[in-house]
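[1] predicted model and sequence below, questions to follow.
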Amino acid sequence: MTTDLPEAWRDAELPDLPALSGEFVEEFARVIYGRTPPGARLGEVVLQSRDEGVFGGAGDRLRHRATISCPLGDLELNTLLHIPADARPAPVVVALNFAGNDETLEDWPYAKVMAAGYAVLTVDYQQIEPDDPNASRVRALFPAGEPWGAVAAWAWGLSRCLDIAADVPGVTIDGAIALGHSRLGKAALWAGVQDERFAVTVSNDSGCCGASLFRHPGGEDIAAITTRFPHWFVPSFSAYAGSRPPIDQHQLLASIAPRRVYVASGEDDAWADPIGEYLAVVAATPAFGDGDIGYHVRPGGHALLEEDWLRALAFVQR
Ligand code: GCU
């Protein structure tokens with residue numbers, strides 16, 4: 001990984017990297033994502049089913065129903081967990097899914113991930129917070145206070161998934177990984193910044209307000225994202241449409257240091273701006289120890305592919 005910005009970018013006036021770890025976290029909360037309120041507590045985690053030796057014996061499939069007590073009520077989450085047969089306790093990857101737990105059985109390379117020694121815990125992201133400007137779930141379970149957007153709510157959900165994983169035998173949250181694609185990659189990064197239990201954060205095609213730089217033109221910008229998805233961020237973020245926010249996303253990546261981060265892009269995923277993602281990684285690199293930030297760009301477009309999983313896990317294992 002080169003640490004030199006390309007020539008054209010040396011004078012790009014990127015704001016400075018944090019001098020101290022955590023320095024800009026409050027600023028990212030204020031400007032983009034909002035402040036996540038405290039006060040949630042893991043209640044019961046009830047095993048619903050257990051299938052042993054799935055995917056040709058690669059591991060076990062468990063379904064739990066977990067209750068999270070929030071100040072104004074309970075949130076119920078249905079989790080799907082795969083635990084490898086040959087590596088226990090297995091470090092866990094927590095990843096929210098877009099289309100329901102069962103759909104991941106078709107789409108995610110569970111057998112290979114388990115063969116690599118990792119457990120995977122997933123929840124449907126909309127069980128945490130609906131992706132809808134006119135609805136909320138977890139955010140309605142906290143007293144009205146400072147705003148937090150849906151991306152922050154999903155990031156909060158990733159941390160609750162980690163609480164749940166910590167409760168299940170055969171899984172360890174030592175070395176835990178937050179992984180997310182696209183809008184859920186934005187959430188993974190924000191979770192990785194805030195929750196130090198995540199040893200590694202993986203963002204796949206996370207684009208605008210994820211890994212890509214606001215200051216690199218191309219792909220989605222603040223006007224587009226806040227028009228289509230006003231509920232993802234604090235309401236005041238839309239004021240930066242057409243201008244530059246005081247922070248940029250290399251600082252978000254750097255806020256994960258000294259823990260590790262991996263950014264993955266798709267060559268044809270112009271909306272997520274793979275070059276802006278790459279430049280953010282290069283600009284963030286000085287904040288990390290040797291080998292603690294990684295990147296790949298692969299052929300193809302906007303998707304979380306088997307190749308993305310396996311290359312990210314190869315980085316984790318390095
Ligand atoms: C839209 C949105 C992106 C987001 C993506 C996704 O394209 O503009 O910001 O990352 O959806 O979540 O798939």
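    Received, thanks.
[2] and the residue nearest to residue 247 when sequence neighbours are not counted, how many neighbours?
    By the measure of Cβ to Cβ, 6 or more residues apart in numbering, the closest residue to residue 247 outside its immediate chain neighbours is residue 27, 5.4 Å from it. The C-beta positions use only the backbone N, C-alpha and C, and glycine is treated the same way. Neighbours of residue 27 under the rule other Cβ atoms under 10 Å: 17.
[3] pretty sure residue 27 is in a helix, no?
    Yes: assessed with DSSP: H, G, I helix; E, B strand; the rest coil, residue 27 lies in a helix.
[4] tell me the contacts of the residue nearest the centre of the chain?
    By Cα atoms, centre = their mean, the chain has its centre lying nearest to residue 188, at 1.0 Å. The contact partners of residue 188, taken as Cβ atoms under 8 Å, 6 or more residues apart in numbering, are 95, 155, 158, 178-180, 201-203, 206.
[5] return the subset of those lying in helices.
    155, 158 (DSSP state H).
[6] can you tell me which of the contacts of residue 188 is closest to the ligand?
    The shortest approach to the ligand among the contacts of residue 188 belongs to residue 206, at 6.5 Å (Cβ to the nearest ligand atom).
[7] up against the ligand, what does the chain have?
    Along the chain, the residues adjacent to the ligand under the rule Cβ under 6 Å from any ligand atom are 182-183, 207-208, 220, 225, 271.
[8] out of the residues you listed, which is most surrounded?
    Highest neighbour count within the residues of the chain next to the ligand, by other Cβ under 10 Å: residue 207, with 27 neighbours.
[9] how near is the closest residue in space to it that isn't next to it in sequence to residue 217?
    Nearest residue to residue 207 in three dimensions, chain neighbours excluded: residue 272, at 3.1 Å (Cβ to Cβ, 6+ apart). Distance of residue 272 to residue 217, given as Cβ to Cβ, to the nearest Å: 14 Å.
[10] give me the more crowded residue out of the two.
    Counted by other Cβ under 10 Å, residue 272 and residue 217 do not tie: residue 272 has more neighbours, with 26 against 10.
[11] tell me the contacts of that one?
    Residues in contact with residue 272 (Cβ under 8 Å, 6+ apart) are 182, 205-208, 210, 212, 219-220, 265-266, 302.
[12] any idea how far the closest residue to residue 230 other than its chain neighbours is from residue 273?
    Using Cβ to Cβ, 6+ apart and skipping residues adjacent in sequence, the residue nearest residue 230 is residue 133, 5.5 Å away. Computed as Cβ to Cβ, the residue 133 to residue 273 distance reads 24 Å.
[13] which of the contacts of residue 272 lies closest to the ligand?
    Using Cβ to the nearest ligand atom, residue 182 comes nearest to the ligand of the contacts of residue 272, at 3.2 Å.
[14] state the distance from the residue lying closest to residue 195 once chain neighbours are set aside to the ligand.
    Spatially, and ignoring its direct neighbours in sequence, residue 195 is nearest to residue 159 (4.6 Å; Cβ to Cβ, 6+ apart). Per Cβ to the nearest ligand atom, to the nearest Å, residue 159 is found 20 Å from the ligand.
[15] same check on residue 116?
    In terms of Cβ to the nearest ligand atom, residue 116 sits 26 Å off from the ligand.
[16] can you name every helix or strand that the helix or strand where residue 253 lies contacts?
    Using DSSP states H and E, residue 253 maps to helix 249-254. On a contact count with 3 or more Cβ pairs under 8 Å, 6 or more residues apart in numbering; DSSP states H and E, helix 249-254 meets helix 183-194, helix 274-284.
[17] what segments of this protein are strands?
    41-53, 59-70, 73-84, 90-97, 119-124, 171-181, 198-204, 260-266, 293-298 (DSSP state E).
[18] on that earlier part again, any idea of the pLDDT on the closest residue to the residue nearest to the centre of the chain other than its chain neighbours?
    Distances taken as Cβ to Cβ, 6+ apart put residue 180 closest to residue 188, at 3.3 Å, once the chain neighbours are dropped. What the model reports for residue 180 is a pLDDT of 99.
[19] isn't residue 180 up against residue 94?
    No: at 9.1 Å, residue 180 does not count as touching residue 94 under the criterion of Cβ atoms under 8 Å.
[20] identify the contacts common to these two.
    Residues within reach of residue 180 and of residue 94 at once, by Cβ under 8 Å, 6+ apart, are residue 158.
[21] circling back: want to throw the contacts of residue 272 into TSV with distance to residue 114?
    Below are the contacts of residue 272 laid out as TSV (distance: Cβ to Cβ, whole Å):
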residue	distance to residue 114
182	24
205	24
206	25
207	29
208	33
210	27
212	31
219	34
220	34
265	26
266	25
302	26
